[in-house]
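S.K.: Model the following, please.
(chains A and B)
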2 protein chains.
Amino acid sequence: MEFSWSPRDGEPALVDIGEDAALELALPILPASRARLLGPGDDAAVIAAPDGRFVVTGDTMIEGPDFRQEWTTPESFGWKLVATNLADIAAMGAEPVALVMSIAVPGDARASVLAEMARGMRDACLQLAPGCGIEGGDLARSSVITGAATAFGDLDGRAPVLRSGARPGDVVAVSGGLGLASRGLALLFERATEDGAPDEFALARLRAAASEDELAALDAQLWPRPPIADGVLAALAGATAMLDVSDGLALDASRIARASGVALALESARIEEAAGGAERCAEWSVERVLAGGEDHALLAAFPPDAALPGGFRAIGRVEAGSGLLVDGRPYAGPLGWDPFRP
Amino acid sequence: MEFSWSPRDGEPALVDIGEDAALELALPILPASRARLLGPGDDAAVIAAPDGRFVVTGDTMIEGPDFRQEWTTPESFGWKLVATNLADIAAMGAEPVALVMSIAVPGDARASVLAEMARGMRDACLQLAPGCGIEGGDLARSSVITGAATAFGDLDGRAPVLRSGARPGDVVAVSGGLGLASRGLALLFERATEDGAPDEFALARLRAAASEDELAALDAQLWPRPPIADGVLAALAGATAMLDVSDGLALDASRIARASGVALALESARIEEAAGGAERCAEWSVERVLAGGEDHALLAAFPPDAALPGGFRAIGRVEAGSGLLVDGRPYAGPLGWDPFRP
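M.R.: Numbers count the residues shown, from 1 in each chain, chains lettered A, B, ... in the order given. The predicted structure is shown next:
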């Protein structure tokens, strides 16, 4: 089968036009950050950090374990790489201000993939975190399509919201989708393959026949929209702990419990509601929502008297003790994923 | 042949111990940065930027185009990934303060590779930029060993030294080795292969039989030591332009010329001297020094009356005009490398 990011209809490949020409197509598409003091073009960029600190995180997308090119256009690759990194910045209660990108692609990819990626990166910045932009990076060659992003955030003088501050009595709340991205991944493996292998035409057929719920699940997987602005809103509302739910609600809730030395007691009815209600959960059980990954929702604890900001919905309480409880019982279901334990 | 980063003598592989256990072996080895406000363990780190700005750069090392595992231990991989990124920070006239690392390795690599990489990273920080440390990152799985580093620097209130400030009359000077790393790479391809393929045992035999000069060339390629502290010294001495010589002296000198709108006039006798003298250059001509890559030397322009700081040695002058001159003639030799033009 044709390599999905291959040249089409006689288009040139990257090796045909070289690095400089490929970058000339892509760089003008990337938005500048509001915090830019010196942008791409020198050995390094210079970014403003007005409160004398910066928040930094890094996350990768690697062909194979993290995505399949048959299901992922260069635009959605660029979008998702930005979106997942912004979610980690938001989870600290910070406003994302900039990213740098290291991208590696095969030389026989079509010459336009970098510009297509740049459009996805631009759209994610503009739609999810206006003012945030791309301040540089690195282009390399690899037989495995690889994106490594580093994202920066501004705390505007506030303390970062850690995983370790939850206290008994706090409300546990979530903002963003739950279980949808994991359902989208399952749909891809169930219905977007040909002879068992990921296939872009099978994905096109799946989309054409999909219900609205199924389309939402596919979009949550391929074009995630984490609730970035809710990170700062949570900090301003007094969130005592927060993280980005990327490895499954159960595993990530357990991480807050462990870091804070408390128990998190969640209610399945509220999880079901937060995941889109009983109809959606009829097909997609609370158990699978708890174990699903790549939600990029924000999970936070708030003082009992705090008004929940933005899109946060309560799904439980912090209690004395340890570990994760669901409907009062210790959670013993599957946890999230370890890339080295397939 | 055995995969060089494979388990040896019944050692476990990464998939046998899982991500958490592998990180537990590696993370304690990594040094903390002096600028750490919040280190690894949450969704993001927080780093001090006392002058309200930070310098940021990113560079990758990818198996295949950038290194071969048969010639590169995990320690030297970690060392070189740190060293090359620190050089880009130094080239802005900044002091490196921290790095974040995205590392991807195959699941069948031996469980100890991450700890071995961490030792190389630690040693490079301690020896090349004391006070600089590792503040987080990401571990992923890939069939291609990949490292993407992002490095941060502090300008301590100074303006960054750009490529664009060289003025006619300035002295062009270089600090660090020239041509050695490129000679080391040639030695590897000429004398560290078996049936034409990179081979770790052939490298061991090469090392055992190598002259002092050849060992220096191998070390410059595998364990580069860019003159990091000379970046800040150059800025303090009034450097008008500076960059990291990574793609060959000729190409990088041309970049300063173009960015500054001037000509750079180099003298081959001084290049020869800077590259280690006539003896070394007898085997390794000035032409190859000009075209060689991965020097990670600092190339800078200084006002005519400036005392050259640290290890800087004059190799020419800035003149009105454009492009690169060598011994008064426009340079027409080979330039450096484009990863997409093999």
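S.K.: Show me chain A divided up by domain.
M.R.: Domain segmentation of chain A under automatic domain parsing yields A:14-154, A:171-330.
S.K.: closest one to chain B among those?
M.R.: Closest approach to chain B among these (Cβ to the nearest Cβ): domain A:14-154, 3.5 Å. Just so you know, the C-beta spots here come from the backbone N, C-alpha and C atoms, and that holds for glycine as well.
S.K.: and the end-to-end length of the closest one?
M.R.: 36 Å (Cα to Cα, to the nearest Å).
S.K.: how far out from the middle of the chain is it?
M.R.: For domain A:14-154, the separation from the chain centroid amounts to 13 Å (computed by Cα atoms, centre = their mean, to the nearest Å).
S.K.: Out of the domains of chain A, which is the most enclosed?
M.R.: Highest mean neighbour count of the domains of chain A: domain A:14-154, a mean of 23 (counted as mean count of other Cβ atoms under 10 Å in any protein chain shown).
S.K.: What mean pLDDT does that one get?
M.R.: The average pLDDT within domain A:14-154 is 95.
S.K.: Please name the nearest non-neighbouring residue to the residue sitting nearest the centre point of chain A.
M.R.: Centroid check for chain A by Cα atoms, centre = their mean gives A:Thr84 as the closest residue, at 2.5 Å. Of all residues not flanking A:Thr84 in the chain, A:Asp59 sits nearest, at 5.4 Å (Cβ to Cβ, 6 or more residues apart in numbering or on different chains).
S.K.: So what angle separates the directions of the host helix or strand of the one you found and strand B:53-62?
M.R.: In this assignment (DSSP states H and E), A:Asp59 forms part of strand A:53-62. On the basis of axes from the mean of the first three to the mean of the last three Cα atoms, to 10 degrees, strand A:53-62 is oriented at 20 degrees to strand B:53-62.
S.K.: before we move on, the earlier item: closest to B:Val55 out of the domains of chain A?
M.R.: domain A:14-154 (4.8 Å; Cβ to Cβ).
S.K.: So which residues of the stretch 201-342 of chain A form helices?
M.R.: A:212-222, A:229-236, A:249-260, A:268-274, A:277-283, A:286-291 (DSSP state H, counting those that start in this stretch).
S.K.: Hmm, I typed the wrong one, I wanted the stretch 51-200 of chain A.
M.R.: A:74-90, A:113-128, A:180-191, A:200-209.
S.K.: Is A:Leu188 in contact with A:Trp71, as I believe?
M.R.: Yes - the criterion here is Cβ atoms under 8 Å, and A:Leu188 meets it with A:Trp71 at 5.6 Å.
S.K.: overlap in contacts of the two?
M.R.: Between them, A:Leu188 and A:Trp71 share these contacting residues under Cβ atoms under 8 Å, 6 or more residues apart in numbering or on different chains: A:Pro198, A:Leu203.
S.K.: rewinding a little: isn't the residue nearest to the centre of chain A up against A:Trp223?
M.R.: No - A:Thr84 is beyond contact range of A:Trp223, at 11.4 Å (criterion: Cβ under 8 Å).
S.K.: what's the closest of the domains of chain A to B:Met117?
M.R.: The nearest among the domains of chain A, by Cβ to Cβ, is domain A:14-154 at 15.3 Å.
S.K.: give the contact list for the closest residue in space to A:Gly157 that isn't next to it in sequence.
M.R.: Among residues not flanking A:Gly157 along the chain, A:Asp51 sits closest, at 4.9 Å (Cβ to Cβ, 6+ apart). Residues counted as contacts of A:Asp51 (Cβ under 8 Å, 6+ apart) are A:Asp154, A:Leu155, A:Asp156, A:Gly157, B:Gly52.
S.K.: go on, A:Ala48?
M.R.: With Cβ under 8 Å, 6+ apart, A:Ala48 has these contacts: A:Ala35, A:Arg36, A:Leu37, A:Val97, B:Gly52, B:Arg53.
S.K.: Now the element after the one helix or strand the third one maps to, going C-ward?
M.R.: In this structure, A:Leu37 sits in strand A:36-38 according to DSSP H and E. Beyond strand A:36-38 on the C-terminal side, the first helix or strand identified by DSSP H and E is strand A:45-48.
S.K.: Put the alpha carbons of that next one into PDB.
M.R.: Taking Å, rounded to 0.1, in the frame of the first residue of the first chain, the C-alpha atoms of strand A:45-48 are listed here in PDB:
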ATOM      1  CA  ALA A  45      15.100  32.100  20.500                       C
ATOM      2  CA  VAL A  46      14.500  34.500  23.300                       C
ATOM      3  CA  ILE A  47      11.100  34.400  25.100                       C
ATOM      4  CA  ALA A  48       9.700  36.800  27.700                       C
END
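S.K.: Direction included, what does that strand pair against?
M.R.: strand A:36-38 (antiparallel), strand B:53-62 (antiparallel) (DSSP bridges).
S.K.: of all those strands, which lies closest to B:Ala22?
M.R.: strand B:53-62 (19.1 Å).
S.K.: Low-confidence regions, the stretch 201-342 of chain A specifically.
M.R.: Along the stretch 201-342 of chain A, the parts satisfying pLDDT under 70 run over A:278-284, A:336-339, A:341-342.
S.K.: about what we covered before: of the contacts of A:Asp51, which is the nearest to B:Leu298?
M.R.: B:Gly52 (25.6 Å).
S.K.: That closest one contacts A:Gly52, doesn't it?
M.R.: Yes - if you go by Cβ under 8 Å, B:Gly52 and A:Gly52 touch, sitting 5.9 Å apart.
S.K.: just checking, A:Arg53 touches A:Gly153?
M.R.: No - counting by Cβ under 8 Å, A:Arg53 does not reach A:Gly153; the two are 9.7 Å apart.
S.K.: anything in stretch A:92-101 near chain B?
M.R.: Yes - Stretch A:92-101 lies within reach of chain B by Cβ under 8 Å from any Cβ of the partner chain, at A:Met92, A:Ala94, A:Val100, A:Met101.
S.K.: I'd like the residues you listed as TSV, with distance to A:Arg122 appended.
M.R.: Listed next are the residues of stretch A:92-101 next to chain B as TSV, based on distance: Cβ to Cβ, whole Å:
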residue	distance to A:Arg122
A:Met92	24
A:Ala94	21
A:Val100	15
A:Met101	12
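S.K.: Restricted to strands, list those.
M.R.: Taking DSSP state E as the definition of strands, those contribute A:Val100, A:Met101.
S.K.: Quick check: the two most widely separated of the residues of stretch A:92-101 next to chain B?
M.R.: Pairwise over the residues of stretch A:92-101 next to chain B, using Cβ to Cβ, the maximum falls at A:Met92 and A:Met101, 20.1 Å.
S.K.: ok, back up a step: got CSV for the strands paired with strand A:45-48, with distance to B:Glu75 too?
M.R.: Shown next, in CSV, are the strands paired with strand A:45-48 (distance: least, Cβ to Cβ, whole Å):
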stretch, distance to B:Glu75
strand A:36-38, 34
strand B:53-62, 13
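S.K.: Minimum distance to A:Leu27: which of those has it?
M.R.: Among these, the nearest to A:Leu27 by Cβ to Cβ is strand A:36-38 (13.4 Å).
S.K.: Tell me which residues are up against the closest one.
M.R.: A:Ala44, A:Ala45, A:Val46, A:Ile47, A:Ala48, A:Ala98, A:Gly133, A:Glu135, B:Arg53, B:Pro160, B:Leu162.
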